[in-house]
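Student: Sequence and predicted structure below; questions after.
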Amino acid sequence: MEETCVPLNDQPKSLPKSTSFGSDRELSLSTEGIEDTLEYRVKAGTEDGKVVSLWHDISLTHIDHETKMETPYVNFVCEIPKFTRKKFEIATDEVGNPIKQDEKKGKLREFKKGDIFFNYGCFPQTWEDPTYIHPDADGCRGDNDPLDVCEIGARIVGVGAVRPVKVLGILCMIDEGECDWKVVVIDAEDKWAPYLNDIDDVEKEMPGMLSAIREWYRTYKIPDGKPPNVFGLDEKFMNKAYADKVIEECNHAWRELISGEKERKVESEDAEVKKLVRKLSKNSLFALAPDLDEHPEAHPEDYDDDAPSF
């Protein structure tokens, strides 16, 4: 089977003037604090010391470092490497959005079920809007996080690493009343990548993989004393075309979040949702403040392009 690559747009285009990073080139990772403590963080940055947000500053679309052109791939930020169990995640409410180990009541969290068998992370510049109810999500709102990703390639991807991936399909998980999409992807450089172009190819070439992913998510909270998770869409993995639409929706929601537009729209929501949106929106705008001239989508309504800087 020949590999099929479909660009997001009809014609490739050059990278727009922006501080976004289109790939992992020119990025470096560092750690802060002692591992296995609440203070431990994995941070991204540049050689000249600039902090890079793994949520806001990595472009969703992968950009070829040499040509500066869009590729058919999407950037994947790994939070939890395969064959590990520490529950690392991007700290969406911290400036710079480092990766930290999740905690509950002061205790670091791990998967009690055991090691995860795929690389787990998210797409940058996406957000599952907690004010939006997807028509296929059984009446559930978004979970207020970047869009989750399951990468099924052979490589063990490190915490905080950014990889170009092919989108294959998506699963709609309902997690404690919230819609929590899981996008299935494969590393663009994986040896199986040329043979996997859509979700049916995964079942054909890797029989049992999709059902194993679904059962992992169904049961992983049971050791914590919680009931099994459930799924929308009759528990089916939807195809690439469907997944691309969800990704596009979540990218649009992220743009509304960082621009402050979403905060202006939440007056009709309950107090808890308004608090979540406002906290994320303000943190995002603060993080982008030094680069507002290069992020026009983040300009507040009263932003003055001609105002003097100090």
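Tutor: Yes, it's here. What you are looking at is a predicted structure, and each value in this text was computed from that prediction instead of being measured. Numbering: from 1, shown residues only.
Student: contacts and neighbour counts: CA atoms only from here.
Tutor: Fine.
Student: Helices along this structure, start to end?
Tutor: 199-205, 209-219, 240-259, 261-265, 271-288 (DSSP state H).
Student: Including mean pLDDT, could the ones you listed go into JSON lines?
Tutor: Below are these laid out as JSON lines (pLDDT from 0 to 100):
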{"stretch": "helix 199-205", "mean pLDDT": "98"}
{"stretch": "helix 209-219", "mean pLDDT": "98"}
{"stretch": "helix 240-259", "mean pLDDT": "96"}
{"stretch": "helix 261-265", "mean pLDDT": "79"}
{"stretch": "helix 271-288", "mean pLDDT": "59"}
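Student: out of these, which comes closest to residue 92?
Tutor: Residue 92 lies closest, by Cα to Cα, to one member of the helices of the chain: helix 271-288, at 7.0 Å.
Student: Mind listing what's buried along stretch 199-210?
Tutor: Using 16 or more other Cα atoms under 10 Å as the test for burial, stretch 199-210 gives 199, 200, 202, 210.
Student: Apart from its chain neighbours, what residue comes closest to the last one?
Tutor: In this case it means residue 210. Of all residues beyond its chain neighbours, the one nearest residue 210 is residue 203 (6.8 Å), with distances taken as Cα to Cα, 6 or more residues apart in numbering.
Student: looking at it, that neighbour is touching residue 209, isn't it?
Tutor: Yes - with contacts counted by Cα atoms under 8 Å, residue 203 reaches residue 209, the gap being 7.0 Å.
Student: what residues are up against residue 243?
Tutor: Counting by Cα atoms under 8 Å, 6 or more residues apart in numbering, residue 243 touches 167, 168, 169, 170, 183.
Student: how close does the second one sit to residue 50?
Tutor: When Cα to Cα, to the nearest Å is the yardstick, residue 168 and residue 50 sit 34 Å from each other.
Student: what does the first one give?
Tutor: Here the criterion is Cα to Cα. By it, residue 167 lies 30 Å from residue 50.
Student: which residues in the stretch 1-150 of the chain form strands?
Tutor: Per DSSP state E, counting those that start in this stretch, the stretch 1-150 of the chain carries strands over the ranges 28-32, 41-45, 51-52, 61-63, 70-80, 88-90, 99-101, 103-104, 107-108, 119-122, 141-142, 148-151.
Student: among those strands, which is nearest residue 130?
Tutor: Judged by Cα to Cα, the one of the strands of the stretch 1-150 of the chain that comes nearest to residue 130 is strand 141-142, at 4.2 Å.
Student: So which residues make contact with that closest one?
Tutor: So strand 141-142 is contacted by 128, 129, 130, 131, 132, 133, 134, 177, 178, 179, 180 (Cα under 8 Å, 6+ apart).
Student: Quick check: mean pLDDT of stretch 93-102?
Tutor: Averaged over stretch 93-102, pLDDT sits at 95.
Student: Give me the buried stretch members for that stretch, please.
Tutor: By neighbour count, and taking 16+ other Cα under 10 Å as the criterion, the buried residues in stretch 93-102 are 96, 97, 98, 99, 100, 101, 102.
Student: just stretch 186-194 next, same as before
Tutor: 186, 187, 188, 192, 193, 194.
Student: can you redo the strands of the stretch 1-150 of the chain as CSV with distance to residue 255?
Tutor: Supplementary listing: the strands of the stretch 1-150 of the chain in CSV, determined by distance: least, Cα to Cα, whole Å:
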stretch, distance to residue 255
strand 28-32, 25
strand 41-45, 21
strand 51-52, 18
strand 61-63, 14
strand 70-80, 17
strand 88-90, 18
strand 99-101, 21
strand 103-104, 28
strand 107-108, 31
strand 119-122, 16
strand 141-142, 15
strand 148-151, 17
